[in-house]
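Peer 1: quick one, what's the 3D model for this:
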Amino acid sequence: MVLEPDDERYLMEMAETQAHLADTWLGVCNLGKAYQFRTENAAIAEKLHELDLDNQKMQEMLPYSLSGNASVQRQMGLNELAVQNLWASEAQLAQLAREQPEHNKYGWERLVRLQRISQILINTGRVEDAQTLIAEASRLMVEEVERTPDLPHWKAEDFASAWMTQSELATEQGREADARDFNLHAVRSLSASVAESSGFARGRWLLASALFQYWQLNNELPPTDWLSQVEDYSLSEPPVRSCKFAELAARQAVMRGDMSTASYYTDYLLGKGFYEPAFVRFCQAYGLSD
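Peer 2: Next comes the predicted model:
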């Protein structure tokens, strides 16, 4: 079926609305509603992709819709579905990168998807499979960074996240010195990014995650100048917001030795159906769940 331009515009607007609604429900940790709208968004994006193979916006929408759906699936513990959608997103981005080499964002975003797949693999016991992906993605990311003298802050944050993934892998393989080295790269990069772009929330919560990783690796609190760059997510208003902030609040509470607060946020998240694989391992490691 071929739709008229007006119909295409309607579908585009509907897809954007579904993505916005998904983000709204994620903001209050309602994963069921978020999954509903992300699934609908991905279905519309696939239909638009089939309608007009020459429309760049329609072609670009599909991989981002697939990875958006995977993000919610990952939070719900639907790991195989998340990996499947991330691979599909990666394949679409790789194709766009081949067809439009002048837009280097597609190649970079493909590498980000490989990192996300690797994180799921590490936390579901498939370390060897993750190692191959991490090696490829990290090598290509380094090459891109070396070619880019003034790296945008969002790419710097992606790159720091990749350092954190390498630290996770090194920890699983018993390479403690390497794990600490990778983590320090991540913390220093994120600290610089937050200092330069303090208005962007993603850098702050990535830094909070990196500082928890630092605490785990070094058995000591990070330096005060780093800690002062992130907020205490347990003190946010209202007390519990998104699943991401509640997860960070639980990790920060464990880092402070406040197991009562950690249990509060853990119970909240599990009650919401939040079974992201790294969080599940965190809960098991600190006796916060069975």
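Peer 1: next one: phi and psi at Asn30?
Peer 2: Here is the backbone geometry of Asn30 (degrees, to the nearest 10): phi -100, psi 90.
Peer 1: any idea how far Ile117 is from the closest residue to it other than its chain neighbours?
Peer 2: Excluding its sequence neighbours, the residue lying closest to Asn30 (C-beta to C-beta, 6 or more residues apart in numbering) is Lys272, at 7.4 Å. From N, CA and C alone the C-beta is placed, and that goes for glycine too. For Lys272, the distance to Ile117 (C-beta to C-beta, to the nearest Å) stands at 24 Å.
Peer 1: same drill for the two, tell me which one is more crowded.
Peer 2: Using other C-beta atoms under 10 Å, the more surrounded residue of Lys272 and Ile117 is Ile117, with 25 against 18.
Peer 1: element containing the nearest residue to the more buried one once chain neighbours are set aside?
Peer 2: Nearest non-adjacent residue to Ile117, counting by C-beta to C-beta, 6+ apart: Leu86, 4.9 Å away. Following DSSP states H and E, the helix or strand that holds Leu86 is helix 79-99.
Peer 1: contacts for that helix?
Peer 2: By C-beta atoms under 8 Å, 6 or more residues apart in numbering, the surrounding residues in contact with helix 79-99 are 42, 59-60, 62-64, 66-67, 69-71, 73-74, 103-104, 106-107, 109-110, 113-114, 116-117, 120-121, 124, 277.
Peer 1: filter those down to the ones in helices?
Peer 2: Assigned to helices by DSSP state H, the following of the contacts of helix 79-99 qualify: 42, 59-60, 62-64, 66-67, 69-71, 73-74, 106-107, 109-110, 113-114, 116-117, 120-121, 277.
Peer 1: can you name the residues that contact the residue nearest the centre of the chain?
Peer 2: Nearest to the mean C-alpha position of the chain, by C-alpha atoms, centre = their mean, lies Arg116 at 6.6 Å. Listed by C-beta under 8 Å, 6+ apart, the contact set of Arg116 reads 67, 70, 74, 86.
Peer 1: same thing but 6 Å
Peer 2: Applying C-beta atoms under 6 Å, 6 or more residues apart in numbering to Arg116 gives the contacts Leu86.
Peer 1: next one: it from Ser89, what distance?
Peer 2: Distance from Arg116 to Ser89, counting by C-beta to C-beta: 9 Å.
Peer 1: buried residues, stretch 186-197. List them.
Peer 2: For stretch 186-197, burial by neighbour count (16 or more other C-beta atoms under 10 Å) applies to 186-187, 189-191, 193-194, 197.
Peer 1: now stretch 33-44
Peer 2: Buried residues in stretch 33-44, defined by neighbour count with 16+ other C-beta under 10 Å: 34-42, 44.
Peer 1: so which of the residues you listed comes closest to Phe245?
Peer 2: Nearest to Phe245 among the buried residues of stretch 33-44: Ala34, at 14.6 Å, using C-beta to C-beta.
Peer 1: what sits closest to the closest one if chain neighbours are left out?
Peer 2: Trp25 (4.2 Å).
Peer 1: please tell me how far the one you found sits from Lys272.
Peer 2: 11 Å.
Peer 1: neighbours of Ala177, just the number please.
Peer 2: Ala177: 9 neighbours (other C-beta under 10 Å).
Peer 1: equivalent analysis for Arg204, please.
Peer 2: 20.
Peer 1: repeat that for Val145.
Peer 2: Other residues close to Val145 by other C-beta under 10 Å number 16.
Peer 1: so who does it touch?
Peer 2: Going by C-beta under 6 Å, 6+ apart, Val145 touches Phe159.
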